[in-house]
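Engineer: let's see this in three dimensions:
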Amino acid sequence: GAMIESQGFDDESAAPASLPSELAALRSFVARYNHEFETAVAHAERALTLVPENMPPQADAQLRTPIFLALAMAYDGAGDLERAVSAYEETIRLSRLGINASGVAGITYRMNGILRALGRLRAADAACRDALGYIQAQGMARLPAAGILHVAISELLVERNDLEAAEAHLSQGLELGKWSGRLDAVRSAAYALSRLRQARNDANGALAAVQEAESVLGESPSPLAKATLLALKARILVRQVTLGQAARCVEEAVHLAGWDRGVTGEMVALAGLRVRLAQCRPDDAIAQLTRSLTAAECKGRLGAAIELRILRSLEIVRRGDTREAEADLERALALAEPESYVRVFLDEGQPMQMLLAQWLAHAGAGPLRDYAVHLLSQFEAEAHGVATAPQKTAPAASEPPASHVVGLVEPLSQRELEVLQLVALGKTNKEIAQQLVVAPGTVKAHTSHIYRKLDVTNRTEAAARARQLGLLP
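Structural biologist: Here you go, the predicted model:
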């Protein structure tokens with residue numbers, strides 16, 4: 001009643017027909033803020049039933065847009081990410097009908113985070129680029145609404161390890177979206193910028209990106225926004241082995257996230273798990289990873305499941321069970337390959353590189369094997385300071401022979417290259433000796449030299465390593 005009086009209405013009959021629906025949506029936002037997720041969903045659903053009939057299309061869209069946004073945020077907090085995506089998609093559609101370009105941008109950015117949690121990088125990329133196209137068609141390509149979408153696209157490019165393109169989008173996003181209220185790109189860029197700097201071994205720069213984002217949150221920051229940045233900071237501190245500070249960040253993030261079961265709650269939980277693993281506690285680390293993994297897969301959160309599979313595989317291999325670790329890795333590869341994940345593997349460093357090479361040594365032909373070879377090539381490129389490692393085509397006349405590529409302990413001779421090609425075709429030493437008209441012992445000596453120069457231990461590894469280095473097609 002006080003709210004109606006404050007707007008100049010003497011009684012409820014004089015209030016706009018849309019007011020009951022608007023009030024229900026407002027109650028949903030308040031409940032969501034207070035972590036009362038089921039109540040928030042109920043209020044948003046009731047708001048939809050209270051929308052007046054026969055409203056003009058644009059007015060109807062403008063009324064329904066905040067209602068579906070409230071519903072999406074409530075579903076996110078409740079942990080129902082599939083319904084959250086559907087509600088966000090409807091919010092975006094209505095924002096377009098209401099010609100609300102800023103709404104399209106901000107809501108697409110929110111949905112991008114949920115799609116990444118669900119492991120749908122391709123869908124996230126398509127949504128961001130579609131929204132950016134819409135913004136540009138509205139003549140708003142130089143406004144903050146476009147900037148926030150460039151930031152979202154950079155997040156996806158970092159995961160695919162296309163670092164130069166990610167940096168270009170991020171720079172454009174920061175230029176367009178600085179100090180722009182809820183579309184402020186400095187705050188939103190922390191995730192992509194910190195990962196980009198970590199990929200370039202700039203841990204201090206990664207921390208600085210998070211700290212700058214924290215500085216623009218304002219005096220009364222959103223608890224979830226603050227929790228997200230603290231979780232991000234904790235992950236960076238774990239890589240720096242600053243575990244006491246990382247643990248304190250997680251503790252505060254858990255308090256701020258409350259009972260959130262959506263994207264923020266999951267980020268905080270993953271950061272906490274990494275801290276506990278780094279502290280070598282609890283003793284049942286694998287059991288805890290297994291519980292988290294089971295929950296993530298049951299909820300369809302494949303982005304989290306990929307990371308948890310990787311973490312569990314590395315924890316298992318540290319305990320000496322290579323076969324079980326490789327089984328976990330293979331499942332992670334199967335989940336990640338269709339969406340072209342790269343960085344989630346590279347960020348684990350040499351232990352993951354070694355486990356990939358071990359798995360590849362006895363992997364059968366197929367997309368997963370090709371994917372693993374690609375990942376290993378990215379490790380190799382990163383070790384030599386190369387941003388990307390495209391597949392090598394036939395060398396130009398001015399290029400050195402393939403055997404002199406970077407990464408070899410020692411160049412292969414022409415005869416060794418011939419033997420290597422026949423090894424890759426699956427021929428035995430006896431068959432190679434017959435084809436080259438040499439003694440079998442000579443072939444054995446050649447293969448021994450090849451293994452040493454490629455730094456491998458068997459024929460399968462030799463073929464994989466040779467393809468990775470561009471020695472074989």
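Engineer: from now on I want contacts and neighbour counts done on CA atoms only, so please keep to that.
Structural biologist: Fine.
Engineer: counting contacts, what elements does the helix or strand containing residue 48 pack onto?
Structural biologist: In the assignment (DSSP states H and E), residue 48 maps to helix 37-49. Helix 37-49 is packed against helix 19-33, helix 57-78, with contacts defined by 3 or more C-alpha pairs under 8 Å, 6 or more residues apart in numbering; DSSP states H and E.
Engineer: just the element for the closest residue to residue 263 other than its chain neighbours, please.
Structural biologist: In space, residue 263 comes closest to residue 114 once its chain neighbours are excluded; the distance is 6.3 Å by C-alpha to C-alpha, 6 or more residues apart in numbering. Taking DSSP H and E as the criterion, residue 114 maps to helix 101-117.
Engineer: just checking, next helix/strand downstream of that helix?
Structural biologist: helix 121-137.
Engineer: which other helices and strands does the following helix or strand past that next one contact?
Structural biologist: Per DSSP H and E, the first helix or strand lying C-terminal to helix 121-137 is helix 144-159. On a contact count with 3+ C-alpha pairs under 8 Å, 6+ apart, helix 144-159 meets helix 101-117, helix 121-137, helix 163-177, helix 185-188, helix 190-199, helix 343-346.
Engineer: which residue sits closest to residue 158, ignoring its sequence neighbours?
Structural biologist: residue 166 (5.7 Å).
Engineer: quick check: that neighbour vs residue 199, distance?
Structural biologist: 12 Å (C-alpha to C-alpha, to the nearest Å).
Engineer: of those two, which one has the most company?
Structural biologist: The neighbour count for residue 166 versus residue 199, taken as other C-alpha atoms under 10 Å, is higher for residue 166 (25 against 19).
Engineer: residues touching that one, list them.
Structural biologist: By C-alpha atoms under 8 Å, 6 or more residues apart in numbering, the contact list for residue 166 reads 153-158, 196.
Engineer: Throw those residues into a markdown table and include pLDDT and neighbour count, thanks.
Structural biologist: Formatted as a markdown table, these follow (pLDDT from 0 to 100; neighbours: other C-alpha atoms under 10 Å):
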| residue | pLDDT | neighbour count |
| --- | --- | --- |
| 153 | 97 | 25 |
| 154 | 97 | 30 |
| 155 | 96 | 29 |
| 156 | 97 | 22 |
| 157 | 97 | 25 |
| 158 | 97 | 24 |
| 196 | 95 | 28 |
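Engineer: what's the closest of these to residue 55?
Structural biologist: Nearest to residue 55, judged by C-alpha to C-alpha, of the contacts of residue 166 is residue 153 at 36.2 Å.
Engineer: show me the contacts for that closest one.
Structural biologist: Counting by C-alpha under 8 Å, 6+ apart, residue 153 has contacts 125, 128-129, 166, 169.
Engineer: just residue 231 next, same as before
Structural biologist: Residue 231 neighbours (C-alpha under 8 Å, 6+ apart): 249-250, 253, 267-268, 271-272.
Engineer: check residue 462 and give its pLDDT.
Structural biologist: With respect to pLDDT, residue 462 scores 84.
Engineer: against residue 285, how distant is residue 245?
Structural biologist: From residue 245 across to residue 285, the span is 21 Å (C-alpha to C-alpha).
Engineer: quick one: what helix or strand has residue 246 in it?
Structural biologist: helix 243-257.
Engineer: next, the angle from that helix to helix 57-78.
Structural biologist: For helix 243-257 against helix 57-78, the angle by axes from the mean of the first three to the mean of the last three C-alpha atoms, to 10 degrees is 130 degrees.
Engineer: list the buried ones in helix 243-257?
Structural biologist: 243, 246-247, 249-251, 253-254, 256-257 (16 or more other C-alpha atoms under 10 Å).
Engineer: ok, how many other residues are close to the nearest residue to residue 199 once chain neighbours are set aside?
Structural biologist: Among residues not flanking residue 199 along the chain, residue 347 sits closest, at 7.3 Å (C-alpha to C-alpha, 6+ apart). Residue 347 has 15 neighbouring residues, counting by other C-alpha under 10 Å.
Engineer: likewise the one 4 residues further on?
Structural biologist: Number of residues near residue 351 (other C-alpha under 10 Å) recorded here: 13.
Engineer: check contacts around residue 317.
Structural biologist: Taking C-alpha under 8 Å, 6+ apart, we find residue 317 in contact with 324-325.
Engineer: and it, which of the three is it?
Structural biologist: helix (DSSP: H, G, I helix; E, B strand; the rest coil).
Engineer: any idea where the helices of the stretch 201-350 of the chain begin and end?
Structural biologist: 203-215, 223-239, 243-257, 263-278, 285-298, 302-318, 322-336, 343-346, 350-360 (DSSP state H, counting those that start in this stretch).
Engineer: tell me the buried residues in the fifth one?
Structural biologist: Meaning helix 285-298. 285-286, 289, 292-293, 296-297.
Engineer: can you give me the angle that helix makes with helix 101-117?
Structural biologist: Going by the same axes, to 10 degrees, helix 285-298 makes 130 degrees with helix 101-117.
Engineer: remind me which residues of the protein are low pLDDT?
Structural biologist: 1-15, 179-183, 281-283, 384-410, 473 (pLDDT under 70).
Engineer: touching, residue 322 and residue 315? I think so.
Structural biologist: No. If you go by C-alpha atoms under 8 Å, residue 322 and residue 315 don't touch, sitting 10.3 Å apart.
Engineer: distance to residue 239 added to the contacts of residue 231, as a markdown table?
Structural biologist: Shown next, in a markdown table, are these (distance: C-alpha to C-alpha, whole Å):
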| residue | distance to residue 239 |
| --- | --- |
| 249 | 14 |
| 250 | 14 |
| 253 | 18 |
| 267 | 16 |
| 268 | 16 |
| 271 | 11 |
| 272 | 13 |
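Engineer: need the max-distance pair from the residues you listed.
Structural biologist: 249 and 267 (12.5 Å).
Engineer: quick check: the gap between residue 220 and residue 178.
Structural biologist: Residue 220 is 19 Å from residue 178, by C-alpha to C-alpha.
Engineer: please identify which of the two sits among more neighbours.
Structural biologist: The neighbour comparison of residue 220 against residue 178 (other C-alpha under 10 Å) goes to residue 178, with 18 against 7.
Engineer: let me see the contact set for that one.
Structural biologist: Residue 178 sits in contact with 144, 184-186, where contact means C-alpha under 8 Å, 6+ apart.
Engineer: and with 7 Å instead?
Structural biologist: Residue 178 is in contact with 184-186, counting by C-alpha atoms under 7 Å, 6 or more residues apart in numbering.
Engineer: can you check residue 157 too?
Structural biologist: Contacts of residue 157 (C-alpha under 7 Å, 6+ apart): 163, 165-166.
Engineer: change it to 6 Å
Structural biologist: The neighbours of residue 157, taking C-alpha atoms under 6 Å, 6 or more residues apart in numbering as the test, are residue 166.
Engineer: start to end distance for stretch 295-310?
Structural biologist: Counting by C-alpha to C-alpha, you get 16 Å between the two ends of stretch 295-310.
Engineer: which residues does that stretch contact?
Structural biologist: 117-119, 293, 328, 332.
Engineer: buried ones in it?
Structural biologist: Those would be 296-297, 300-310, for stretch 295-310 by 16+ other C-alpha under 10 Å.
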